[in-house]
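[1] Sequence first, then the predicted structure, then my questions.
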Amino acid sequence: MKPIRRRFPWAFLAKRVAYGALAMLAIAIINFFLLKLAPGDAAEALAGQAGTADPAYIAQLRAQFGLDQPLLSQLWAFLVRLATLDLGYSYVFNERVSVLIFSRMPATLMLMGAAIVIAVIGGIVFGVTAARYANRWPDRVISFVALLLYGTPPYWIGLMMILIFAVTLGWTPTSGMENVLAFNTGWDRVADIAHHLILPALAQSIFYLAIYIRLVRAGMLEVLSLDFIRVARAKGISERRLSYRHALRNAVLPLVTVVGTNVGNFLGGAVLTETVFSWPGVGRLMFDAMFQRDLNLLLSILVLSSFFVILANLIVDLLYAVINPTVELK
Amino acid sequence: MSNPILQVENLQICVRKKPGVLILRGVSFHVNAGETLAIVGESGCGKSMTSLAIMGLLPDAVEKLSGTIRFKGRELPITDNRAMRKVRAAEIGMVFQEPMAALDPLYPVGKQVLEVIEEHEKLPRAMAWARVIDLLTKVDLPNPETLAWSYPHKLSGGQLQRVVIAMALACNPDVLIADEPTTALDVTVQAQIMRLLKRLQRDTGVAIVLITHNLGLVAHTADRVMVMYAGNKAEEAPTRDLFLNPRHPYTRGLLDATPNPERASAQGGVLREIPGTVPSIADPMPGCRFAPRCPNASDLCHARFPDPTYEGAHGYACHHPVTDARV
Amino acid sequence: MDRLKSLLTAILRDWMMLLGLLLLATVFFMAATAPLFFPQPPDTMMGPPLQWPGQYAGAPLGTDGLGRNILAGLFYGAQISLLVGFASVTVAMVFGILVGAFAGYYGGWIDNLLMRVTELFQTIPQFMLAIVVVAVLGPSIQVIIFSLAVVSWPAIARLVRGEFMVLREKAYVQGCIVVGMSDMRIIFTQILPNAMSGVTVMSTIMIATAILMESALSFLGFGDPNVTTWGTMIGMGKNNLRDAWYIMTIPGIALLLTALALNLVGDGLNDYLNPRLRSQRGQ
């Protein structure tokens, strides 16, 4: 017995990559004009950051960035620099912007990944439980808590968690990603980072946990009412197998798409979570850039984050096609 | 010759916690080994509920009020889901009305047949899979090895119904309940599926309970027919007997309302419809539930439900049975 | 028995919406009466700093690190939350309805173009975009309302487009086309009223999201520096996390209850306006 392999959807991939590239271009152009909207131009802003208002220096910067050129050629120059990942230099942080952002990326991805895993697993566990006890008390409790969490400010939940678990109970550190002074290496370091990760990941996941619980619950109830579940019951299959093999898999499929569309929101939420927990990621960098009025850095983060979302959506679409055989990728 | 494998006695099913709202009002019948019993009636007469009760798959909204269902002489514990799991598919298989919705869209069809065998028999996987291919061959599916790996959305309604039949017969059950197995299919496919069921019955000796509203189907396939009306058994007879000599006015009405070119002239070329509508299941009428629509009804009919009368294998529940044979 | 149960469920459902409406009315009451109860602006020092709730008669909910009355802050903060929430969603609704209506009604390349742009805006991380808009245009209430509208309209546009695509195929709309009614008249007088129930439900829930986002901007210190909001109060309170946690806890609960109220009302409206969706929501 050997399954038939489905052919890899090259045509679909090519089409999606082309569309993704187009979307990136459009986002870059939007950003360019956003920058143009700002009072003063980039040269003045940069000169201000460098701590000088010397007109000669500003003029030199203008020439360097081509700000004395017509708008279209400025746009072209901007796009070329973006394509070569030359995002400029941040005088506030004394570092190239691209280096700055990419060095902060791993911390954010780790936080985001942990938060997504918590939200998805929690959503499935509580959502399935609620569906199994539909309209009885476990469902009522879970659904009400989900409704509460849905309306809770995520940064405030983070602060409350710090107050309870870190300050009062002392179970976890209050902030940061690791205890730098301990000079941990190897598994000790991993354990230390994981210890620091618990609260921020939980805080970041809460809102999505609430959404996913509601989604899985509704999905399970819908799938359990479908014909094929009754047919499967008539086959003598156990309720357990029925719930997990047939109902859950069908109910969770839409969740994959939703998680994909939430990637951008997770990144946006990272600004708050990382600020609250002093987590050294891109979100925290964005807060600092905003605080220091480093507009170029701010916009670069926005552009790269958008690119990341486009990439993530492409991956999710492919993944969805892999786990859902009824999808024809065209 | 009578060798009942399945016996239903005085089965009453009501809406949960409402013993007054009866869906089945005390139905008794039996199925002999290897025969085909057709259960006929309008939608809502309780025929599907009867089949779900036998499988122990009654919806949560209803419950059994009284009665017993015996399989090979022992009572089926239809409210015990765990115990019933060993009966389903292994001893009594079932085929449903909507083949397009009957399979899980996320698994290849072969795997879904395999699931039945894995659940009921301890068999090495390779042998179980060989049985799956064999079953798919027996239900006349082309290229079974390839088709087993197809997902349901790639198959036609007729093909899917064949897979469902293969699933229902995978563990050689003694009884197959087919609940409107062809209603959702094209007319040409309907005939193929019915021929297939009859052939499988010849090969395996499985008894078939065919639930349908289509009397044409019954004439060609069933050995015996039971007609149901509003939760009661109206009439029960060998097929030929029932078609030629219906005793219950409802059966007569049903037959006269069925298009039949051979009889068109005898009926003056028109189909006769039965006037009125089926009473609500919540209506506590004491007499025959067909009385308000019956041309022969008397005061007695409205006052008291008729006891079943038997003339050999032909039984009916009527105070004023029809006496003239159909032409 | 069952009838009684379904009646109880219905009341419970309504009871939840009733709770939502009551909470929402309270927030409106606070916003309306703020200057009445607290004639002094909320950022004036009203008493000794760091007074716990119940400790100081002049400030029943205590004072913050600068001796400001927390209760006064709650009342004035309600004004900003409601203003920003309702105003930004109104702007987003107008824009989203226009885009969605044209895309759904005309279809073809117009639909394609408008929806690509809409998707583009959904791709950009919402909260980051809001921050950048505030960074570029400067922190003021107007800019914050605008920035939240910018991130909120795509969802409405997509919903309206979907409704329009279904409704424009309906016989009554086809009838309007046949009798030569103008497109604008069909869109705004025939289809839009029938598409509004979904928009109303979504807007209610989006107001909650907008209020939470405004509070987040203020919390980070990117809000209008001239007004006191619940977000700024939490931001200030986090400095006293260890010794006076009530400062950040109280406005957080206010936010939570306001968002909960709007969600309850949204759920209730949804059940009321689209009873056919009830089964999907599992109620």
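    On my side now, so go ahead. What you are looking at is a predicted structure, and each value in this text was computed from that prediction instead of being measured.
[2] Okay, now the unreliable bits of chain C?
    C:1-13, C:274-283 (pLDDT under 70).
[3] go with 50
    Low-confidence regions of chain C, defined by pLDDT under 50, span residues C:277-283.
[4] For it, which segments are assigned as strands?
    Using DSSP state E, no strands are found in chain C.
[5] for the residue nearest the centre of it, what are its contacts?
    Central residue of chain C (CA atoms, centre = their mean): C:I207, 0.9 Å from the mean position. When contacts are counted by CB atoms under 8 Å, 6 or more residues apart in numbering or on different chains, C:I207 touches C:G85, C:F86, C:V89, C:L262. The C-beta positions use only the backbone N, C-alpha and C, and glycine is treated the same way.
[6] repeat that for 10 Å
    Residues near C:I207 by CB atoms under 10 Å, 6 or more residues apart in numbering or on different chains: C:24, C:81-82, C:84-90, C:92, C:152, C:258-259, C:262-263, C:265-266.
[7] same deal with B:G315?
    B:S28, B:F29, B:M226, B:K233, B:A234, B:E235, B:E236, B:A237, B:R247, B:H248, B:P308, B:T309.
[8] what does the model give it for pLDDT?
    For B:G315, the model assigns a pLDDT of 90.
[9] element containing it?
    strand B:314-316 (DSSP states H and E).
[10] strand partners of that strand, parallel vs antiparallel please.
    Applying DSSP bridges, strand B:314-316 is found paired with strand B:232-238 (antiparallel), strand B:309-311 (antiparallel).
[11] Isn't B:A89 up against B:E118?
    No - between B:A89 and B:E118 there is no contact under CB atoms under 10 Å: 11.2 Å.
[12] who has more neighbours, these two?
    Taking other CB atoms under 10 Å in any protein chain shown, B:A89 and B:E118 do not tie; B:A89 has more neighbours (27 against 16).
[13] what does stretch C:29-42 rub up against?
    C:44, C:46, C:68-83, C:227-229, C:233, C:254, C:258.
[14] Restricted to buried residues, select the residues you listed in ChimeraX.
    Buried residues within these, by 16 or more other CB atoms under 10 Å in any protein chain shown, are selected in ChimeraX with:
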select /C:46,68,69,70,71,72,73,74,75,76,77,78,79,80,81,82,83,227,228,229,233,254,258
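[15] tally of neighbours for the residue nearest to C:T123 when sequence neighbours are not counted?
    Spatial nearest neighbour of C:T123, excluding adjacent residues (CB to CB, 6 or more residues apart in numbering or on different chains): A:V309 at 5.1 Å. Neighbourhood size, A:V309 [other CB under 10 Å]: 25.
[16] Surely B:V21 forms part of a strand?
    Yes - with DSSP: H, G, I helix; E, B strand; the rest coil as the criterion, B:V21 is located in a strand.
[17] Contacts only, for it.
    B:C14, B:V15, B:V62, B:S280, B:I281, B:A282, B:D283, B:P284.
[18] Report the buried members of those.
    The neighbour-count criterion (16+ other CB under 10 Å) marks B:C14, B:V15, B:V62, B:I281 among those as buried.
[19] ok, the last one touching B:R25?
    Yes - counting by CB under 10 Å, B:I281 sits close enough to B:R25 to count as a contact (8.9 Å).
[20] Find the residues that touch each one of those two.
    Counting by CB under 10 Å, 6+ apart, the residues touching both B:I281 and B:R25 are B:C14, B:G46, B:A230, B:G231, B:R289.
[21] which residue sits closest to the residue of the stretch 101-250 of chain B found nearest chain C in space, ignoring its chain neighbours?
    Nearest residue of the stretch 101-250 of chain B to chain C (CB to the nearest CB) works out as B:A101 at 16.9 Å. Leaving out its chain neighbours, the residue that sits closest to B:A101 by CB to CB, 6+ apart is A:D227, at 3.7 Å.
[22] can you confirm A:L85 is in a strand?
    No - per three-state DSSP, A:L85 lies outside any strand segment and is coil.
[23] Contact partners for it?
    Counting by CB under 10 Å, 6+ apart, A:L85 has contacts A:R96, A:V97, A:S98, A:V99, A:I101, A:F102, A:S300, A:L304.
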